[in-house]
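> Take a look and give me a structure for this.
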Amino acid sequence: MDVIYRDLKLENILMTEEGYIKLIDFGISKQLDVKARERTYSIRGTPEYLAPEILLKKGYSFEVDWWALGTIAYELLVGTPPFFDEKETQMYVKIVKGKLSFPEQEPPLSEECCDFIESLLTKDPLKRLGAQGQAEVLQHPFLQALDMDLLKMKVLEAPYVPQVGEDVFDVSNFEQELTNHKSYEAAHLSVQTA
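Below you'll find the predicted structure:
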């Protein structure tokens, strides 16, 4: 749909009751003209997920979302974003100049998995996996076992299906610090009394 999302991160991905995912918060998304190779220059996004070209103010396009996908994949499999540092400025230096490395872990990540993440986290956006479009990403060996047509039709059984209660306001799968907010409590109360 020619929309650059610009804030792909774990907090903006929710899981449905069927175990499929949905993106939320399109607040900083922007439509770009693909055919005109339009670029944008504003610094938008969450620090841990910013692509090097955003930080270098070189102008960027859809490749920043593929970078963020690589960051998410790394974080899900390793436990932290790949270039994370408590000091934000140091993290930016690592994003722009740092070398990607994978910690030793059990079970070890497969070669296909590491190559997938490395290809998404290529510093040069024109050489990054996805620079030629989503088909390039979907053809990567790491994803070959997935039948994308069945996935799009939501026919594949999800590997994890969250337990969800009958109440439309069931937030038992969220951290309590996120749901102990007065606006949530007021909305819940107004629906119950309606």
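> contacts, neighbours, all on C-alpha from now
Noted.
> Could you list the domains of the chain?
3-161, 163-194 (automatic domain parsing).
> And the biggest helix by length in the chain, how far out from the chain middle?
In the chain, assigned by DSSP state H, the helix with the most residues is helix 63-78. Averaging C-alpha positions (CA atoms, centre = their mean, to the nearest Å) puts helix 63-78 6 Å from its chain's average.
> Could you pull out the buried residues of the following helix or strand past that helix?
Counting by DSSP states H and E, the element after helix 63-78 in chain order, helix or strand, is helix 88-97. Neighbour counts over helix 88-97 (16 or more other CA atoms under 10 Å) mark 91, 92, 94, 95, 96 as buried.
> Which other helices and strands does helix 88-97 contact?
helix 52-55 (3 or more CA pairs under 8 Å, 6 or more residues apart in numbering; DSSP states H and E).
> Can you show me the CA trace of the helix it packs on as PDB?
Presented in PDB, the C-alpha positions along helix 52-55 are these (Å, rounded to 0.1, in the frame of the first residue of the first chain):
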ATOM      1  CA  PRO A  52      21.400   3.700  10.100                       C
ATOM      2  CA  GLU A  53      20.100   5.900   7.300                       C
ATOM      3  CA  ILE A  54      17.600   7.600   9.600                       C
ATOM      4  CA  LEU A  55      20.400   8.500  12.100                       C
END
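> Does residue 118 touch residue 100 like I think?
Yes: the criterion here is CA atoms under 8 Å, and residue 118 meets it with residue 100 at 7.4 Å.
> Neighbour count: these two, which is higher?
Between residue 118 and residue 100, counting by other CA atoms under 10 Å, residue 118 is the more crowded of the two (20 against 14).
> The host helix or strand of the more buried one versus helix 63-78: what angle between them?
Assignment of secondary structure by DSSP H and E places residue 118 within helix 111-120. Interaxial angle of helix 111-120 relative to helix 63-78 (axes from the mean of the first three to the mean of the last three CA atoms, to 10 degrees): 140 degrees.
> Would you mind listing the buried residues in helix 111-120?
So for helix 111-120, counting by 16+ other CA under 10 Å, buried means 113, 114, 116, 117, 118, 119, 120.
> which of those residues sit farthest apart?
Within the buried residues of helix 111-120, 113 and 120 form the most distant pair, 10.8 Å apart (CA to CA).
> tally of neighbours for residue 32?
17.
> Would you mind confirming that it is in contact with residue 3?
Yes: applying CA under 8 Å as the test, residue 32 and residue 3 come out as touching, 6.1 Å apart.
> where exactly do the helices run in the protein?
52-55, 63-78, 88-97, 111-120, 134-138, 148-152, 176-179, 182-193.
> Which one of those helices has the poorest average confidence?
Ranked by mean pLDDT, the helices of the chain bottom out at helix 182-193, with a mean of 53.
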